[in-house]
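K.L.:
Give me coordinates for this.
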Amino acid sequence: MLKEFKEFITGGNVIEFAVAVIMAGAIGAVVTGFVNNIVMPFVGHFTGGTDFADKKIILDEAIVDAAGVVTTPENAIMWGSWINTIINLLIVGLVMFLIVKAYNKTKKPVEAPAPAGPSQEDLLAEIRDLLKK
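P.N.:
Just a heads-up that it's a prediction; the model follows:
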């Protein structure tokens, strides 16, 4: 069983999958930074200086005691953060599309098999018919 596990863990598919997961995490972090630090400031600039990450619909206000300590946090729908997440998804999808497209260009084109000629039986029948004439 240990030998089978060793073969499994050192097999190409597991290692390729591990590399893909690590790369996906790194790409996700880069894209999140890109959206939060570059794209959303542009969007905010063209929408009047608003920051979408702070946009929300407050359902219940926070309850604060006399000392200024929040006893019950606010309950809010964070729709601006959700917009940022959707933009992240679209950019990650675009990046992955471009990576797959570039990878597909590096692969050798699959050549169609040569058309098969007539079988031996067909050739022999043709010769027989020619000899009869």
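
K.L.:
chain center to whatever helix or strand Phe17 lives in, what's the gap?
P.N.:
Following DSSP states H and E, one finds Phe17 within helix 12-34. Between the mean C-alpha location of helix 12-34 and the chain-wide mean there is a distance of 10 Å, by Cα atoms, centre = their mean, to the nearest Å.

K.L.:
What is that helix packed up against?
P.N.:
Under the contact criterion of 3 or more Cβ pairs under 8 Å, 6 or more residues apart in numbering; DSSP states H and E, helix 12-34 touches helix 79-106. From N, CA and C alone the C-beta is placed, and that goes for glycine too.

K.L.:
got the angle between the helix it packs on and helix 12-34?
P.N.:
130 degrees (axes from the mean of the first three to the mean of the last three Cα atoms, to 10 degrees).

K.L.:
Remind me what helix 79-106 packs against, helices and strands.
P.N.:
Applying 3+ Cβ pairs under 8 Å, 6+ apart, we find helix 79-106 packed against helix 12-34.

K.L.:
got the buried residues for the helix or strand following the helix it packs on?
P.N.:
Of the helices and strands lying after helix 12-34 in sequence (DSSP H and E), the nearest is helix 40-46. Within helix 40-46, the residues scored as buried using 16 or more other Cβ atoms under 10 Å are Met40.
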